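# Have a look at this prediction, sequence included:
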Amino acid sequence: MKRLLLASAMSAIAGTAWAAEITVAASSVAPYLDPGRDHSNVGSQFYYNAFDPLIERDYSQMEPVWEPGLATEWELIEPTVMELKLREGVTFHNGEEMTADDVVFSLNRMYQATFPDYQVRARDRLDNFVRAEKVDDYTVRVHSEREEPLWETLLNLQQVFIIPEDYTKALAGDPNEAENDDYEAFSLAPVGTGPYEIAKFVPGQRIVYERFDEFWGEAAPLDRATVVAVPEVASRITAIRTGEADLATNIAPDQLALIEGDSSMKAVGGVTPLFHVMIMNVNHPVLEDPRIRQALSLAIDRDLLNETLWLGMAEVPSTHTMKEFGDLYMPELQTFEYDPERARKLLEEAGYDGEEIVYDTHSGYYTNGLLAAQAIMEMWDAVGVNGRVNVTEEWTTCVPEMMTRNWSNPMYFPDPFGSFGVMWAPDGPSEGCGRFDTDEAYAEAWERFRFSQDVEERRAAYAELMERIKQDPPVLPLYQPYESWAMRTDLDWAPKPGHIPYVLDFRAGSISMATN
């Protein structure tokens, strides 16, 4: 039956045998496509083929190397003003020419957001930016409130990829005004400037990219790439074996031997710049005492989770840090550890008397997420915690009744601000949802970390933040997962180290196939 369902779902779109077309079996397809509002692990896969940033980078390298994108040059003309010269002759997928008006519109929809979903993204990563203004048809200026140490990084973000102003405004209501309904409509009919246009989008099911012949840069190597949602990992692998798919996402390590034993398939993978985490609601009545949350954290043997679920291929952090942070990579900090005996003592000191602690998990969103949740319940039981897994398709991260759950902290850009900070900054999403609290001392350390131009000062401030997290924990990074992609043997593709997690990059130089 599963094979029949897969065949039915994919028969209409399965690629032909010629080299310029591929089909991707993905674990999920996003419910909407708008680079400004999206920051999900699923959605982040799909934007780079169809949209462009102002400032590009060499994604083949982990360390940022900035390159011209839709802007050909940029210069800081005042401490808080960046001027960018725009590339001429750029065409949107709907045939409109890109000018400074589109760039100003794209940036200000985020910097001066009125659409609620944009306001969230503006607050968690773009709140230092005041406005963009047009100087002439091919020159814009971006104004920040304070001196910005991460100019190029934050102008490279997915959330400020460029979209067409006139097209977007005309989607609903008054064509002279940008309205919420316009943005909702855009998310179902997206238009960018990238090497592929989105020819078809069925929310949650399918995305079809087709080569955009008017692309300003090097031509796309594929005529068409179709992404289909195939939730079960076994079905994704089967699709490659039967020729119904060419590439499959989100393959766990325990499936690699199967792939390696089949001469028609191969796999590529690596440690992902993303943490699977357990979050804890510091304001839930049962968890208000930080000693209980410390105990929940100390009871989890993350090395054992790595060995059993990831075959030792994941990376267990000592603190909230990643190699991609460069000079801000700080593995010497010991923020998180395994100490079940101390966990028992803390529970006793806190007067924990067996109240049930619920751990929410989505059934299949995170690779090995449910298995990890079940293992954590056994570890909690070993120190005297009465835990229960609640499998739900709803995201309970902002529900006051939420106690604990699995979640992720991706690296949205290569800086601690781009992972930890996006989630746990003062007034960020976690505090805004009411599950995390900051105070004046935390905010002061955050300001020094966020805005200092001195690396050592930033490191010292980040260490202070991590000590606060250790003493009053809202989060435990479990591991950086080892994720793999399976593919037919004649396909040459791999994730690039400079991309945020999971990006399916099918641009020139990123994918190739053997020809017969």
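Nice, I can see it. Numbers count the residues shown, from 1 in each chain.
# Could I get the pLDDT score of Pro203?
On pLDDT, Pro203 comes in at 98.
# Against Leu371, how distant is the spatially closest residue to it that is not a sequence neighbour?
Among residues not flanking Pro203 along the chain, Pro31 sits closest, at 4.7 Å (C-beta to C-beta, 6 or more residues apart in numbering). (Glycine included, C-beta is placed from N, CA and C.) Distance, Pro31 to Leu371, using C-beta to C-beta, to the nearest Å: 25 Å.
# go on, Glu440?
Distance, Glu440 to Leu371, by C-beta to C-beta: 41 Å.
# neighbour count winner among those two?
Leu371 (16 against 8; other C-beta atoms under 10 Å).
# residues in contact with whichever strand or helix holds that one?
With elements taken from DSSP states H and E, the one containing Leu371 is helix 369-383. With C-beta atoms under 8 Å, 6 or more residues apart in numbering as the test, helix 369-383 has contacts from 276, 278, 295-296, 298-301, 304-305, 308-309, 340, 343-344, 347, 357, 359, 361-364, 366, 386-389, 391, 406, 478.
# From those residues, which land in helices?
Ala295, Leu296, Leu298, Leu304, Leu305, Thr308, Leu309, Pro340, Ala343, Arg344, Leu347 (DSSP state H).
# what would those residues look like in TSV with pLDDT?
Below are the ones in helices among the contacts of helix 369-383 laid out as TSV (pLDDT from 0 to 100):
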residue	pLDDT
Ala295	98
Leu296	98
Leu298	98
Leu304	98
Leu305	98
Thr308	96
Leu309	95
Pro340	98
Ala343	98
Arg344	98
Leu347	98
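# In three-state terms, label the nearest residue to Thr396 once chain neighbours are set aside for me.
Among residues not flanking Thr396 along the chain, Met402 sits closest, at 4.4 Å (C-beta to C-beta, 6+ apart). The three-state assignment at Met402 reads coil, by DSSP: H, G, I helix; E, B strand; the rest coil.
# follow-up on the earlier one: in the helix holding Leu371, what counts as buried?
The neighbour-count check on helix 369-383 (16 or more other C-beta atoms under 10 Å) flags Gly369, Leu370, Leu371, Ala372, Ala373, Ala375, Ile376, Met377, Met379, Trp380, Val383 as buried.
# do the same with stretch 488-495
So for stretch 488-495, counting by 16+ other C-beta under 10 Å, buried means Arg488, Leu491, Trp493, Pro495.
# Same question for stretch 507-516.
Arg507, Ser510, Ile511, Met513.
# So which residues make contact with that stretch?
Residues contacting stretch 507-516 (C-beta under 8 Å, 6+ apart): 19, 22, 48-49, 194-195, 217-222, 490-493, 496, 505.
# repeat for stretch 435-455
Counting by C-beta under 8 Å, 6+ apart, residues outside stretch 435-455 touching it are 128, 146-149, 279-284, 327-328, 397-398, 402, 416-417, 421, 424-427, 430-431, 457-458, 460-462, 464-465, 468, 474.
# ok, of those residues, which come out buried?
By 16+ other C-beta under 10 Å, the contacts of stretch 435-455 give 128, 148-149, 279-282, 284, 328, 397, 402, 416-417, 421, 424-426, 430-431, 458, 461-462, 464-465, 468, 474 as buried.
# just so I have it, where are all the helices in the stretch 151-300 of the chain?
All helices of the stretch 151-300 of the chain, identified by DSSP state H, counting those that start in this stretch, fall at 151-155, 165-169, 180-186, 233-241, 256-260, 290-298.
# avg pLDDT for the second one?
Averaged across helix 165-169, the pLDDT comes to 98.
# Which strands or helices does that helix pack on?
Counting by 3 or more C-beta pairs under 8 Å, 6 or more residues apart in numbering; DSSP states H and E, the packing neighbours recorded for helix 165-169 are helix 100-111, helix 180-186.
# Let me know the secondary structure of Glu67.
strand.
# residues touching it, list them.
So Glu67 contacts Ile55, Glu56, Arg57, Asp58 (C-beta under 8 Å, 6+ apart).
# Now restrict those residues to buried residues only.
Buried among these by 16+ other C-beta under 10 Å: Ile55, Glu56, Arg57.
# Nearest to Gln112 among these?
Checking the buried ones among the contacts of Glu67 against Gln112 with C-beta to C-beta, the nearest one is Ile55 at 20.5 Å.
# List the residues that contact the closest one.
Contact partners of Ile55, counting by C-beta under 8 Å, 6+ apart, are Trp66, Glu67, Pro68, Gly69, Ala71, Trp74, Leu84, Glu152, Leu155, Asn156.
# Near the residue nearest to Pro203, how many other residues are there?
When neighbours are defined as other C-beta under 10 Å, Pro31 has 14 of them.
# Please identify which helix or strand holds it.
Applying DSSP H and E, one finds Pro31 in no helix or strand.
# Need phi/psi at it.
phi -80, psi -10 (degrees, to the nearest 10).
# Would you check that it makes contact with Gly204?
Yes - counting by C-beta atoms under 8 Å, Gly204 is a contact partner of Pro31 at 5.1 Å.
# residue contacts, Arg141?
Ile77, Val81, Met82, Glu83, Leu84, Ala132, Glu133, Val135.
# Which pLDDT value goes with the residue nearest the centre of the chain?
Centroid check for the chain by C-alpha atoms, centre = their mean gives Asn41 as the closest residue, at 4.3 Å. Looking at Asn41, its pLDDT is 91.
# And Leu188, by the same measure?
98.
# With Ser363 instead?
At Ser363, the model reports a pLDDT of 82.
# measure Asp437 to Ala494 for me?
Computed as C-beta to C-beta, the Asp437 to Ala494 distance reads 42 Å.
# repeat for Pro429
31 Å.
# what do you get for Met402?
Counting by C-beta to C-beta, the gap from Met402 to Ala494 is 37 Å.
# again with Tyr32
Going from Tyr32 to Ala494 by C-beta to C-beta gives 28 Å.
# now the top helix by length along the chain and helix 290-298, what's the angle there?
Longest helix in the chain, counting residues (DSSP H): helix 455-471. Orientation of helix 455-471 against helix 290-298 (axes from the mean of the first three to the mean of the last three C-alpha atoms, to 10 degrees) gives an angle of 100 degrees.
# which one is Asp34 nearest to, not counting chain neighbours?
Once flanking residues are discounted, Asp34 sits nearest to Ser187: 3.9 Å by C-beta to C-beta, 6+ apart.
# Give me the pLDDT value at Gly217.
97.
# mind listing what the nearest residue to it once chain neighbours are set aside touches?
Distances taken as C-beta to C-beta, 6+ apart put Pro195 closest to Gly217, at 6.7 Å, once the chain neighbours are dropped. Residues near Pro195 by C-beta under 8 Å, 6+ apart: Asn49, Arg211, Phe212, Phe215, Gly217, Glu218, Ala219, Ala220, Arg507, Ala508.
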